[in-house]
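# Quick one, fold the following:
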Amino acid sequence: MSKDVQACESGQSENGGSCYYFSGEKTSFSSSVSACEHLGMHLVYIGSQDEQTFLENSLKDTSEKHWIGLSPFTWMDHTHLTYNNFPENNIYTFNDGAICFRMSKGDSWIDTNCAHLHFFICEKETDSEACAENTQIKMEGSCYYFLGNESDFDSSATACEELGMHLVYIGSADEQKFLKENLPLGNQYWIGMAPVTWLDGSGLTYSNFADHKDTFKRNGTCFNIDPGKSYQWLDDDCSDGHSHRYICEKEEIQSTSTQQTTPITTSTPASTTLNTTTTHQTMSSRVPTSTNGSTKSSSTQFVVTSEAGQGSTHSFLSTDAIPETAATLTTEAAATGTCQSLVIGRDGGRKGYKKFQPLARNVALTVGYVLSSYTGSSLIECSQFCLADQRCSCYTFVAEEGVCQLGQDCPKLSIHAWKKQQGAIAYSELKEGRGCF
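Numbers count the residues shown, from 1 in each chain. Next up is the predicted model:
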């Protein structure tokens, strides 16, 4: 399928499928974010060493720092860090994607594979309630529970929630010291730090944090590229009175004039057959945005072909609030007895397809469980994004925002993977040989 790639605008540089704008003026972090959005771009997300090198070579004034689009470091409840214990030598701190973090006695906070098995620490803030006798320890308004069994990160977070607690959030040097004093030697423990992401919620595929004691001096709120530190990344003051130059980025915009007919199947409990197809334009992995940063509307449509003979309606699951457990998602779907509103994602009819069925509505994945996030204008486009990513088996689509968020094993995720979001729809892949959830 031929691709027509739009050229970058005047004053922008092209590299590796993205357009970049290097500002000549200095602004605060929030003003820089707004300025990039006004250009239909975003603060730069750096995904590889090649991209980092391109940026370094493109900075004309090597005495100026430039804002980049890293999201603030937070705990899993989205509160900002007031203290951090990242090691000064950061070469191994973020080499596992910066998604799940652990600590040990006398050790700093380091990311690690989320599927690894570690012990974990649960915490519950309380000023009046007594901590559970013989199992929990109280310190300065919180109860702590040191679990002696090992589990992966998701299971550990769920176990804490079942106790009415959460994975520990460490807010001070005193709290860090208390935990170290109560940890057995040699064991690794999960902590409740949220994944480190770019501003759109996508995870780190590359990092270049400085090996310096001041890298996280402000607890990882806003970040810049510092030529004075070999172009490495350091956090900085986010206040409006603190200004740097900035770098905007916009991924390549692809379009196609090819029209094709794609049947989308909905299976309903009826025996007659109706085949109805309508042409729709195949969408690219990125869609154009207007100069003010808002997504342009699209006339892309998809059509349902039904075995029902009378047509069918899109009947989504009635989950208008966040489910109490992930099992709620699967149980309610099974109760319908049918697979309703199946969507088929195809890759030009060449590589194959996946079938997706509604999982829940008015819920979306939280940042830490989003594999990648894209601008999209239809369910079909979201399904094509998911098809293109081998890891993806589910996605959420927010029509009003034009956003597709790809995920993995959504029906199996625990409660903290979901947030309530009006208008969002979660779809999950229907595996071959498997009935409805």
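# Can you pull out the low-pLDDT segments for the stretch 101-250 of the chain?
Scanning the stretch 101-250 of the chain with the threshold set as pLDDT under 70 gives 127-129, 185-186.
# Tell me where it has strands.
110-112, 118-125, 136-139, 142-151, 166-167, 188-191, 222-226, 232-236, 245-251 (DSSP state E, counting those that start in this stretch).
# Extract the CA atoms of the last one and return them as CSV.
This file holds the C-alpha atoms of strand 245-251, laid out as CSV (Å, rounded to 0.1, in the frame of the first residue of the first chain):
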residue,chain,number,x,y,z
ARG,A,245,13.9,26.6,25.5
TYR,A,246,12.0,23.6,24.4
ILE,A,247,11.7,21.0,21.6
CYS,A,248,8.4,20.1,19.9
GLU,A,249,7.9,16.9,18.0
LYS,A,250,5.2,15.6,15.7
GLU,A,251,5.3,12.0,14.4
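# for that strand, which positions count as buried?
Counting neighbours by 16 or more other CB atoms under 10 Å, one finds that the buried residues in strand 245-251 are 245, 246, 247, 248, 249, 250, 251. Quick note: C-beta positions are derived from backbone N, CA and C, even for glycine.
# now for it, which elements pack on it?
Using 3 or more CB pairs under 8 Å, 6 or more residues apart in numbering; DSSP states H and E, the elements in contact with strand 245-251 are strand 18-22, helix 29-38, strand 42-43, strand 66-68.
# what does that strand contact?
The contact list for strand 245-251 (CB atoms under 8 Å, 6 or more residues apart in numbering) reads 8, 12, 17-27, 32, 35-36, 39-45, 55, 61, 64-69, 225, 286, 289.
# Also the first one?
Under the contact criterion CB under 8 Å, 6+ apart, strand 110-112 has outside partners 86-87, 92-103, 118, 188, 196.
# and with 7 Å instead?
The contact list for strand 110-112, computed with CB atoms under 7 Å, 6 or more residues apart in numbering, reads 92, 93, 94, 96, 97, 98, 99, 100, 101, 102.
# Relative to residue 212, which of the strands of the stretch 101-250 of the chain is closest?
Judged by CB to CB, the one of the strands of the stretch 101-250 of the chain that comes nearest to residue 212 is strand 232-236, at 6.9 Å.
# Pull out the buried positions in the closest one.
232, 233, 234, 235, 236.
# Flag every buried residue along the helix or strand where residue 385 lies.
Using DSSP states H and E, residue 385 falls within helix 379-388. Neighbour-count burial for helix 379-388 flags 379, 380, 381, 382, 383, 384, 385, 386, 387 (criterion: 16+ other CB under 10 Å).
# just stretch 17-35 next, same as before
18-23, 26-29, 32-33, 35.
# Quick one: low-confidence residue ranges for the stretch 251-400 of the chain.
Short version for the stretch 251-400 of the chain, where the test is pLDDT under 70: 252-354.
# how about residue 48, what does it touch?
By CB under 7 Å, 6+ apart, residue 48 lies in contact with 205, 206.
# From the centroid of the protein, which residue is nearest?
Within the chain, the residue whose C-alpha comes closest to the C-alpha centroid is residue 370; the distance, by CA atoms, centre = their mean, is 3.1 Å.
# how far away is that residue from residue 218?
Per CB to CB, to the nearest Å, residue 370 is found 25 Å from residue 218.
# Could you give the separation of stretch 183-203 from the chain centroid?
Distance of stretch 183-203 from the chain centroid (CA atoms, centre = their mean, to the nearest Å) equals 14 Å.
# possible to save the buried residues of stretch 17-35 as JSON lines with distance to residue 375?
Shown next, in JSON lines, are the buried residues of stretch 17-35 (distance: CB to CB, whole Å):
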{"residue": "18", "distance to residue 375": "14"}
{"residue": "19", "distance to residue 375": "15"}
{"residue": "20", "distance to residue 375": "18"}
{"residue": "21", "distance to residue 375": "18"}
{"residue": "22", "distance to residue 375": "23"}
{"residue": "23", "distance to residue 375": "23"}
{"residue": "26", "distance to residue 375": "28"}
{"residue": "27", "distance to residue 375": "24"}
{"residue": "28", "distance to residue 375": "26"}
{"residue": "29", "distance to residue 375": "22"}
{"residue": "32", "distance to residue 375": "20"}
{"residue": "33", "distance to residue 375": "16"}
{"residue": "35", "distance to residue 375": "19"}
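# Tell me the one of those nearest residue 131?
Closest to residue 131, out of all of those and judged by CB to CB, is residue 29, at 40.0 Å.
# Do I have it right that that closest one meets residue 221?
No. If you go by CB atoms under 7 Å, residue 29 and residue 221 don't touch, sitting 8.5 Å apart.
# joint contacts of the two?
When contacts are counted by CB under 7 Å, 6+ apart, the set common to residue 29 and residue 221 consists of residue 238.
# give me the number of residues near the nearest residue to residue 220 once chain neighbours are set aside?
Leaving aside its chain neighbours, residue 220 sits nearest to residue 73 (3.2 Å; criterion: CB to CB, 6 or more residues apart in numbering). Residues lying near residue 73 (other CB atoms under 10 Å) number 23.
# Residue 73 and residue 9, how far apart?
Distance, residue 73 to residue 9, using CB to CB: 33 Å.
# try residue 360
Shown here: residue 360 relative to residue 9, a distance of 40 Å by CB to CB.
# Neighbour count: the two, which is higher?
Each of residue 360 and residue 9 has its neighbours counted (other CB under 10 Å); residue 360 has more, 28 against 13.
# Would you mind listing the buried residues in the host helix or strand of the more buried one?
In this structure, residue 360 sits in strand 353-365 according to DSSP H and E. Residues 354, 355, 356, 357, 358, 359, 360, 361, 362, 363, 364, 365 are the ones in strand 353-365 that count as buried (16+ other CB under 10 Å).
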